[in-house]
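Q: any chance you can model this:
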Amino acid sequence: MLTRAAGAAVFALLIGGDVARLGWGAIGLWHLYFPFFWLFILLEAIRSERDVGDEEVFLTGAAMAMFYGGIYAKDLQHGFFPFGIDWLGSIEACFDGGMTAVVSLHALRVLRPESKVPALTDRRPLFLALALGAIGAACVYAVKTVFNFYNAERLLSPSWLLGDVLFGAATWALLRMALTRSRAKESSFRDRRFSLLAAFAVWLPGARVGARLCVGLDLPDAVMYFVVVVWTAVIVRLFWDSVGMRLEEETATRSRPALAAALWRAGAAVCLLMLWGSAREDARMAGAFSAFVDLPSRALFSWAFLTARLKI
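A: Numbers count the residues shown, from 1 in each chain. Alright, predicted model coming up:
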């Protein structure tokens, strides 16, 4: 189980987008361990006790994104947002966390197929790995909070504690939803909330790309608004049918859209990083990643996830 979790963590590190955002510095031992390795250890522990499908993995990955990005790293907290919370970025992070967890395990399942979940005979290594990650994360959080490092890095608003509480509540709600769904009988329909989240996660980068393109070409504001409205109508039309859509009866053991999304996010991000450096160093990287990597990979995953169950 630890080997499986380590393999999924490596995939997730490359797929998650941190390499494009932070550069090669994202490929560090601690960053690999927490949140990625820790997340998949947790999933393996849950998987040994319950029936876990792609929905439960998605929700657990989304919960980890809320905890890591909102509380631990505070990437989703900045002083110039309302209440210091990047609300739109939080929704994106929620989707990306779920997508990364699902496609990483699905890709690993294709490369290393298993007929059934192996029995967990010795829990001590699993619990030790979970404890080390939790203790390490708590220590880092405490040091950065006491010495005000978070405020120096993020320019936190005075309501940062409220932000921590809200992100903690979101983390707990998503985890509780995942555990509840693992007990329920498998449904042939996706919850409509998955469709709404996917639609928003695809719409937002497309709207940003269209708006920035209009601004870059110095077009009138009316043209920019028209482009955004047309894009919104396209997304509503494409995702309307996914609400209440019946899933394919057979579980997809090798989903081409999901695997393409994983390969494209990992490969294209590395190529762009070699060309321009990280998004923090060059604005072209941020724009190119959003237009040519983030948008198509989210769309591919959404299609795979909303039309079939993915084997994980």
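Q: residue ranges of the helices in the stretch 201-312 of the chain, please?
A: Secondary structure of the stretch 201-312 of the chain (DSSP state H, counting those that start in this stretch): helices at 221-240, 256-276, 283-288, 295-307.
Q: quick one: contacts for residue 50?
A: Residues near residue 50 by CB atoms under 8 Å, 6 or more residues apart in numbering: 56, 179, 182, 183. From N, CA and C alone the C-beta is placed, and that goes for glycine too.
Q: residues in contact with stretch 205-219: which ones?
A: 223-224, 227-228, 231-232, 235, 287, 290-291, 294-295, 298.
Q: any idea of the mean pLDDT in that stretch?
A: Mean pLDDT, computed over stretch 205-219, is 93.
Q: so for this protein, the centremost residue is which one?
A: residue 97 (1.7 Å; CA atoms, centre = their mean).
Q: ok so, going back, put the buried members of the contacts of stretch 205-219 into a PyMOL selection.
A: Selecting only the buried entries of these in PyMOL, with 16 or more other CB atoms under 10 Å as the criterion:
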select buried, resi 224+227+228+231+235+287+290+291+294+295+298
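Q: what's the lowest-pLDDT member of the contacts of stretch 205-219?
A: Lowest confidence among these: residue 287, with 87.
Q: how near is it to residue 261?
A: Distance of residue 287 to residue 261, given as CB to CB, to the nearest Å: 20 Å.
Q: ditto for residue 196
A: 19 Å.
Q: for those two, indicate the residue with more neighbours.
A: residue 261 (29 against 14; other CB atoms under 10 Å).
Q: ok, and what's touching stretch 248-260?
A: So stretch 248-260 is in contact with 102-103, 106-107, 109-110, 113, 188, 300-301, 303-305, 307-311, going by CB under 8 Å, 6+ apart.
Q: let's see that with 6 Å instead.
A: Applying CB atoms under 6 Å, 6 or more residues apart in numbering, the contact partners of stretch 248-260 are 103, 106, 110, 300, 303, 304, 308, 309, 310, 311.
Q: and stretch 135-147, by the same measure?
A: For stretch 135-147, using CB under 6 Å, 6+ apart, the contacting residues are 34, 72, 150.
Q: if we go to 10 Å?
A: Applying CB atoms under 10 Å, 6 or more residues apart in numbering, the contact partners of stretch 135-147 are 30, 33-35, 38, 67-68, 71-74, 149-153, 160-161, 164.
Q: so which of the contacts of residue 50 belong to helices?
A: 56, 179, 182, 183 (DSSP state H).
Q: hang on, isn't the third one packed against residue 54?
A: Right, the one you point to is residue 182. No. If you go by CB atoms under 10 Å, residue 182 and residue 54 don't touch, sitting 11.6 Å apart.
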